[in-house]
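Asks: Sequence and predicted structure are below.
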Amino acid sequence: MNPNTGGIILPDRIERLHELACDLSWSWNYHAREVFRQLDYRLWRLTAHNPVHMLRIIAPERLDELCRDTSFLALYDRAVHDLDQARTAKQTWWSERFSDLPRCLIAYFSAEFALHPSLPIYAGGLGVLAGDHCKTASDLGVPLVGVGFMYPQGYFHQNLSPEGWQLEVYEQLNWDNAPVERELTPDGQLRLIPVPVGDRTVLVSIWRVQLGGVKLFLLDTGLDENDPADRNLSARLYGGDREIRLKQEIILGIGGVRALRALGIGPDVWHLNEGHAAFVAFERIHEMIQGGSTFEAALEQVRNTTVFTTHTPVPAGHDAFPLGLVEGYLQRWWQDGDRRSFLQLGNYDNGAGPLLNMTVLALRTAREVNAVSQLHRQVTSEMWAPIWPGVPVSKRPVRTITNGVHVSTWIALSIATLFERYLGPDWKDRDNDPALWERVAQIPDEELWDVRQSLRNYLLAFIRERARQRWMEEHVDPVRVVAAGTLLDPAAMTIGFARRFTAYKRPELIFHNPARLAAILDAPRRPVQLIFAGKAHPADDIGKHHLMRVYQHAVDPAFAGRIAFVDDYDLHVAHLLIQGCDVWLNNPRKPLEASGTSGMKASINGVVHLSISDGWWAEGYNGSNGWAIEREAVTEDYTTQDAADAEALYRLLEEQVVPAFYQRDQRGVPRQWVQIVKEAIRTVTPGFTARRMLKQYAEEMYVPLMRRMVAQ
C-alpha cells in the first residue's frame, strides 16, 4: 500500500489516483475529470462528483480491471502529467512577465472559498470569486497562498416546509471524503497555533487544500483542547451573533498571520478579500512593534504591502463591533500604550455611535484598494467619504478591478468542445484575448443551437430526476414535486433566476403583475418558464419571506406549472443552471449590485443576460449581447421604481426576448437569437474572465507593491 493514499489501497500502476483526487485542479482539467468519470460512472454520479469518496468505496476488482485498460491508462498518464505541470511548471505567465520577482509571494485572505461541492466552505458570490481567484493564480503561475476557515458544518442545506418556508439543516463534513490534509509538525503532531481571544487562548489547527500550483490553508478550532464554545467558532459559515462573528474574525486575521508564520511562509503582499480579514493588519503591526518598531513605522510598512478588495455597497453589510467588545477580546494581545492607536484605525461613527468598522480598518491599513465594478467604485468612494475629508470623488484612492470568472470551471463541456473546434485547442490559455473571440462567428448557427438545446434538455432532465429522488427517498408532499419542476417543458424558453434571496435583489419583481406574467408564460406556441433557486441567510427573515412567496407562485395553478423552485442551491446546481437556461434574469435595486458574476458565467455559455444595468452589466452590455432593463425614471420611492422596472421587464419579454427566441427559419433555427448568443460569448468572455481580472491585480496592485519593497 502506498503511504500517501490516505489508507486507500491502490494498484501500483495507478497509485497516484488518490493524489489526483485530492488536488482540486482536477475539477477544471478535462483529462482528470474524465479519469474519474471512467473509473466508475455510477459512483461518479452517486458521490456528486467526489473522487476522494469514490476511491473509498470502489470495488478493488474494478481497479484491477482498469490497470489492463490501455485507453484508461493513457488518460490517467495524461492527467498525472497535467497535475505535475500545474504544480511545477517553470514557464508561466507570471515567470515570463515578472522574471525579476521570482521569490515574491501573495497571501490571499477570505472568509469563504467556493472550490467544489465536496468542500462546502462557501455561502455565495464572495466565496465563488475567491475560489476563481485562486484557480486562476494556479493557471497563470501567480505565487499565491490562500488563507480561510475550515467549516466542518459548512453552510446549511436548505429544506422547505409545505408552505415554502426555508429550514436550515447542518451536516458534519466527513473528513475522510474531503480533499483536505492536516498540516503536521516534523514529528507527526498536529500543528497548533495559539490565538488570544478574551481571557482564553484558542488553539487553531490547519488544513491544507491543493489547487495545482496554489495552496489554501484553512483554520479550524474544533479541537478537544479548546473550551467547548471555542470549538464551535469555526463550525459554521456566518453563524452566530455579533460576538461570535468578532471572535471568528480575530481567528481569521490574527490566527491566519500566525499560521503562515508557523509554516515558514513570509508573504510580500497581503490581499484582504473583504473586511472580515482586516485583523491581519493588527497582527502584522503588533509583530513589528514586538520587534522594536514604532507604531507609526509599523503601520506604514503594513500599508505598503496590503491590498484590500471591498465587495459590499450596502453600509449595513460591513461588519462593525462596539469598541468595548473589541477591547475585551484583545485585552491580552496589545500593550496598553498601543491600545488607543489600534482602535483608532477602525474607529468610525456611522450615526449609531463609535464602532470598530472592519472595512474602515482595512481601508486605513491598505495602500491599494479596489471596488469590483466601475459603478461600485463610485458607490464605495461616496459611502466612505468621511475617511478622505476634502478629497473629491475622482481622487479618492479606490480603483476599479471588475470581477471575472474562471472559464474552465464554469464552461459546459459541449460548449468547450465547440470552442476547441472553431477557436483552436489553446483557447483556454487565451480566454482574455478579444481577437480570439472574433472567431465565434465561424461557429455554424445550427451547431451552436443544437448544443444550446441539449444543455436545456440536460438541465430539465436533472431537475425531474432530482424531484423523483426526493419523492422516492423523502416522501415529500406531491405539491413540492410539482414546485420542483416536474411539469417544465423541455422545448420552452427557460429563464433562470438563481442567487441569494435578499430584498435588494428583488426576487419577486417579475410577479409585480401576476396576470400579465401568466399571459407571457402560457402564450400559445410561445411558452416561457421560470426556474428559481437560491438561499436566504438564516437570519434574513425578509429574504425568507421573498423565497416563500416565490415558492407559492411555483405551486399556483394560475401559472400552469411553468414556474419551478429548485431547493438546496449549491455549486453543482449552479453549473447546470448557468449552462442550461436560455435567459439569465437579474433585477437588483440599482446601485446595490456591486458586481455579480452569475451573469458572466451564463453569457460565456451562450445564456443571454437580461438585467438591470447595474454591477458588471453596466460595463458589459453593448446593445446587442443581451438586454438591459432600462429605467425610465430613478426615484427613491421603491414602490414607484419597482413598478417602472417591472413594466420595462414585461415589455422587453413581450416585444423582444420571446419573439427573438421563437422566430425560426425553415430549419428550425432562431437566427436572430443565435446572433445574440454569439455576441454575448464574443464580448463577455474576454472582458470578464478571471484571467483578465488576475492579470489586472498583478500588474496594477501586487507587482507595484512588490517592487517598492524590493527597492527599499
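Replies: Received it, and whenever you're ready, just let me know what you need.
Asks: which helices and strands does the helix or strand containing R651 pack with?
Replies: Per DSSP states H and E, R651 falls inside helix 638-652. Helices and strands touching helix 638-652, by 3 or more C-beta pairs under 8 Å, 6 or more residues apart in numbering; DSSP states H and E, are helix 514-521, strand 608-612, strand 626-629. Placement of C-beta: from N, CA and C, glycine included.
Asks: Among these, single out whichever gets nearest to L325.
Replies: strand 608-612 (37.8 Å; C-beta to C-beta).
Asks: Check which helices and strands that closest one sits against.
Replies: Helices and strands touching strand 608-612, by 3+ C-beta pairs under 8 Å, 6+ apart, are strand 583-586, helix 598-604, helix 617-620, strand 626-629, helix 638-652, helix 671-687.
Asks: Quick one: end-to-end distance for stretch 665-674.
Replies: Counting by C-alpha to C-alpha, to the nearest Å, you get 12 Å between the two ends of stretch 665-674.
Asks: Next up, the contacts around the residue nearest to L652 when sequence neighbours are not counted.
Replies: In space, and not counting its chain neighbours, L652 is closest to W627: 5.3 Å by C-beta to C-beta, 6 or more residues apart in numbering. Listed by C-beta atoms under 8 Å, 6 or more residues apart in numbering, the contact set of W627 reads 608-611, 621, 652, 656-657.
Asks: what's the spacing between W627 and R516?
Replies: For W627, the distance to R516 (C-beta to C-beta, to the nearest Å) stands at 18 Å.
Asks: Identify, out of the helices and strands packed on strand 608-612, the most deeply packed stretch.
Replies: The highest mean neighbour count among the helices and strands packed on strand 608-612, using mean count of other C-beta atoms under 10 Å, belongs to helix 598-604: a mean of 28.
Asks: pull the CA atoms of that helix into CSV?
Replies: Extracted C-alpha coordinates of helix 598-604, given in CSV (Å, rounded to 0.1, in the frame of the first residue of the first chain):
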residue,chain,number,x,y,z
SER,A,598,-23.5,34.6,-12.4
GLY,A,599,-24.5,36.5,-15.5
MET,A,600,-20.9,36.4,-16.7
LYS,A,601,-20.9,32.6,-16.3
ALA,A,602,-24.2,32.4,-18.1
SER,A,603,-23.0,34.5,-21.0
ILE,A,604,-19.9,32.6,-21.7
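Asks: Renumber starting at 47 from here on
Replies: Sure, I'll start numbering at 47, so the last one becomes helix 644-650.
Asks: wait, what's in contact with the nearest residue in space to T455 that is not next to it in sequence?
Replies: If the residues on either side of it in the chain are set aside, T455 comes closest to W74, at 4.8 Å by C-beta to C-beta, 6+ apart. Contacts for W74 (C-beta under 8 Å, 6+ apart) come out as 181, 452, 454-455.
Asks: which residue packs closest to P443, ignoring adjacent ones?
Replies: V415 (5.9 Å).
Asks: helix or strand right after the one helix or strand the one you found maps to?
Replies: Secondary structure from DSSP H and E places V415 in strand 414-417. As assigned by DSSP H and E, the chain's next helix or strand after strand 414-417 is helix 420-429.
Asks: Parallel or antiparallel, list what pairs with whichever helix or strand comes after that next one.
Replies: Downstream of helix 420-429, the next assigned helix or strand under DSSP H and E is strand 445-446. According to DSSP bridges, strand 445-446 forms sheet pairs with strand 414-417 (parallel).
Asks: Quick one: residues in contact with the strand it pairs with.
Replies: Contacts of strand 414-417 (C-beta under 8 Å, 6+ apart): 352-356, 408-409, 423, 425-426, 443-447, 640, 743, 746-747, 750-751.
Asks: remind me, longest helix of the protein?
Replies: helix 491-519 (DSSP state H).
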